[in-house]
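> My questions are about this predicted structure, shown below with the sequence.
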Amino acid sequence: MQGRDPALAKFLLLNVIRIAGLLAVLAGIAGLGDRLPMPHWLAAVAVVLGVGLFFIVPMFVARRWQGRK
């Protein structure tokens, strides 16, 4: 049996980051719709941070991994 594949670990980490962003967006939307008991400002912050976590953070992480050889 061979060692662990580093590409699989990177793939899983990127997907965990995206899922966390998705959950933050969904929680924020639920908070804005008064489905979750949270202040509206906190729900709006969760939506904005979740969108950034879903779209922007994985690009920076992948770009940092490409720089290493």
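Yes, it's here.

> Outside of the worst-scoring helix or strand of the chain on mean pLDDT itself, list whatever touches it.
Least confident helix or strand, the chain: helix 57-67 with a mean of 90, by mean pLDDT, DSSP states H and E. The contact list for helix 57-67, computed with C-beta atoms under 8 Å, 6 or more residues apart in numbering, reads 10, 13-14, 17-18, 21. C-beta coordinates here come from the backbone N, C-alpha and C atoms, glycine included.

> Pull out the buried residues from stretch 38-54.
In terms of neighbour count (16 or more other C-beta atoms under 10 Å), stretch 38-54 has its buried residues at 38, 43, 46-47, 49-50, 53-54.

> Now render these as JSON lines, adding distance to Gly3, secondary structure and pLDDT.
Below are the buried residues of stretch 38-54 laid out as JSON lines (distance: C-beta to C-beta, whole Å; DSSP: H, G, I helix; E, B strand; the rest coil; pLDDT from 0 to 100):
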{"residue": "Met38", "distance to Gly3": "44", "secondary structure": "coil", "pLDDT": "96"}
{"residue": "Ala43", "distance to Gly3": "44", "secondary structure": "helix", "pLDDT": "98"}
{"residue": "Ala46", "distance to Gly3": "39", "secondary structure": "helix", "pLDDT": "98"}
{"residue": "Val47", "distance to Gly3": "40", "secondary structure": "helix", "pLDDT": "98"}
{"residue": "Leu49", "distance to Gly3": "36", "secondary structure": "helix", "pLDDT": "98"}
{"residue": "Gly50", "distance to Gly3": "35", "secondary structure": "helix", "pLDDT": "98"}
{"residue": "Leu53", "distance to Gly3": "30", "secondary structure": "helix", "pLDDT": "97"}
{"residue": "Phe54", "distance to Gly3": "31", "secondary structure": "helix", "pLDDT": "97"}
